[in-house]
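Asks: quick one, what's the 3D model for this:
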Amino acid sequence: MRLQELIKKDLISAMKERDEEKKSAIRVVMGEFGRLDKKELADDDVISVLKKLIKAEKEMLDAKGETADSGFITTLEKYLPSMASEDEIRVWIQQNVNFTQFNNRMQAMRPIMSHFGSSADGNIVKKILQSV
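Replies: Next up is the predicted model:
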């Protein structure tokens, strides 16, 4: 089942269960889907929308001085794929990246991110490359 379809089904179940927090979070996501040009979205597009919404919510909570852990963020993070750990990324870099091919280490971002895709946080990869 595609991620977009799963989110739609979860909205229906949240409405039946009268789970207001989950229902309102999913409705925000569905509204973002409606703003996009395509009606049917690939899972990568759905993940990018979810990440954008989570980032905006965290920035808003930081600006208010509140903790960056809300029900909205928790609800949306359930739909994201599991993230690669820092150790997994380090091991893959050591085994697969030859830094002599690049003028500087940051140019290795492209092959690393293309391998991990949305399962790696770019900031973690950047931190690893700066420390290698």
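Asks: for the residue nearest the centre of the chain, list the residues it contacts.
Replies: Taking CA atoms, centre = their mean as the criterion, K51 is the residue nearest the geometric centre of the chain, at 3.9 Å. Residues near K51 by CB atoms under 8 Å, 6 or more residues apart in numbering: 80, 118. All C-beta atoms are positioned from the backbone trio N, CA, C, and that covers glycine.
Asks: name the element it belongs to?
Replies: Using DSSP states H and E, the element containing K51 is helix 43-64.
Asks: pLDDT on that helix, on average?
Replies: Averaged across helix 43-64, pLDDT comes to 87.
Asks: residues of stretch 65-78 that come out buried?
Replies: 70, 72-73, 75-76 (16 or more other CB atoms under 10 Å).
Asks: show me what the next helix or strand after the helix holding K51 is packed up against.
Replies: Downstream of helix 43-64, the first helix or strand assigned by DSSP H and E is helix 71-77. Here helix 71-77 touches helix 20-35, helix 43-64, going by 3 or more CB pairs under 8 Å, 6 or more residues apart in numbering; DSSP states H and E.
Asks: next secondary structure after helix 71-77?
Replies: Downstream of helix 71-77, the first helix or strand assigned by DSSP H and E is helix 86-96.
Asks: for that next one, packing partners?
Replies: helix 109-116, helix 122-131.
Asks: contact partners of that helix?
Replies: Contact with helix 86-96 is made by 108, 111-112, 115-116, 120, 124-125, 128-129, 132, as judged by CB under 8 Å, 6+ apart.
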